[in-house]
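Engineer: Just a sequence and a predicted model for now, questions to come.
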Amino acid sequence: MAGGFRYGVVPSFSPPSVGRAVWLHARLWLRRLLHLRLLLGLAVTAVAVASAAAARGRLSPDVPRAAMDTFESLGLPALALFALGLGTGALRRDADHGALDAFLLRPRAAVALPLGRWLASTLVVTGFGYAAVALAAAATAAFARPLAIERIVLLVAGLPLGAAAYCAIFLAMATIGRSAAAVAVVWWLAVDFGLSRVADGLARVSVHPALLTVVGFDTDLSVGGDAGLAVRAAVVQLLLLTIAGLAVALVRLRGDAPGA
């Protein structure tokens, strides 16, 4: 038969490359994530953060960093919470319903599925961060002291690093079982957002202090000089935390799917 299968011959299909499989799983997860309820929640939170930053800047005109400090104190925790929900849900949603095993039967899925879902989650969380920055920049320009362009550049550079690290860590936690979300909340509140502020050892394995170092850098100094050493170290820390989280998730998915 021209253009068809020959009788008795089983067609062979070559699996996609790892990169193509990762992007396929990322697209599928994005389609599942981008529903009205999530988008509305992201938008409302971004507006609330921007409004608070503008209001604080308006009420404290003599404090140059008032709006930025408010954005950091509200926007960064919101970023972490969205990453927690999406990162743990990236595996737990299907694992808890017994559907993850079926997804893992696809070619390259043991690698491509966690990487794809991490990538999609990171894109959504970063998108929230950028929306909050854009709204805060517009609101402060209209009602208070505008955010300096250098501060906006630091936020644009730092937020995707923080989103990537948070999503990777929470994705790794999602492989431990049904208690993943609870463990993630305890880790974020007690360690990342809590004890890391006073314990140097915990600060080195936490996202929040490193992210705060990047976005809160004194723009009067040079990132390339000695004063920027802490920022460069924080960037490396965020990258290493991302790699470590993804490595744990990949190792855990080499065998069976995360237990329900």
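Structural biologist: Looks like it came in fine.
Engineer: When you work out contacts or count neighbours from here on, use the C-alpha atoms and nothing else.
Structural biologist: OK.
Engineer: my read: Gly116 touches Trp23, true?
Structural biologist: Yes: contact between Gly116 and Trp23 holds when scored by C-alpha atoms under 8 Å: they sit 5.9 Å apart.
Engineer: in the stretch 51-200 of the chain, which spans are strands?
Structural biologist: Listed in chain order, the stretch 51-200 of the chain contains no strands at all (DSSP state E, counting those that start in this stretch).
Engineer: re earlier: which of Gly116 and Trp23 has more residues huddled nearby?
Structural biologist: When Gly116 and Trp23 are compared for neighbours, Gly116 comes out ahead with 25 against 18, by other C-alpha atoms under 10 Å.
Engineer: Buried residues in stretch 213-228, which are they?
Structural biologist: Neighbour counts using 16 or more other C-alpha atoms under 10 Å place Thr213, Val214, Val215, Gly216, Phe217, Val223, Gly228 of stretch 213-228 among the buried residues.
Engineer: Could you single out the nearest of those residues to Val63?
Structural biologist: The nearest member of the buried residues of stretch 213-228 to Val63, counting by C-alpha to C-alpha, is Gly216 at 15.1 Å.
Engineer: now that closest one: how far from Ala134?
Structural biologist: Going from Gly216 to Ala134 by C-alpha to C-alpha, to the nearest Å gives 17 Å.
Engineer: and what of Gly177?
Structural biologist: As judged by C-alpha to C-alpha, Gly177 and Ala134 stand 37 Å apart.
Engineer: where does this structure have low pLDDT?
Structural biologist: 1-14, 94-107, 255-260 (pLDDT under 70).
Engineer: biggest helix in it, by residue count?
Structural biologist: Longest helix in the chain by number of residues (criterion: DSSP state H): helix 109-143.
Engineer: Tell me where this protein has helices.
Structural biologist: For the chain, the helices defined by DSSP H occupy 18-33, 36-59, 66-95, 100-104, 109-143, 149-173, 180-186, 200-203, 208-215, 229-252.
Engineer: between the last one and helix 109-143, how big is the angle?
Structural biologist: Read it as helix 229-252. With axes from the mean of the first three to the mean of the last three C-alpha atoms, to 10 degrees defining the directions, helix 229-252 sits at 150 degrees from helix 109-143.
Engineer: residues making contact with helix 229-252?
Structural biologist: Under the criterion C-alpha atoms under 8 Å, 6 or more residues apart in numbering, residues 110-111, 114-115, 161-162, 164-173, 175, 204-207, 210-211, 213-214, 217, 223, 258 lie in contact with helix 229-252.
Engineer: again, but for stretch 206-216
Structural biologist: 72, 76, 151, 154-155, 158-159, 161-162, 165-166, 191-193, 196-197, 203-204, 230-231, 234-235, 237-238, 241.
Engineer: And that stretch, how far out from the chain middle?
Structural biologist: 14 Å (C-alpha atoms, centre = their mean, to the nearest Å).
Engineer: Equivalent analysis for stretch 43-60, please.
Structural biologist: Per C-alpha atoms, centre = their mean, the centroid offset for stretch 43-60 relative to its chain is 22 Å.
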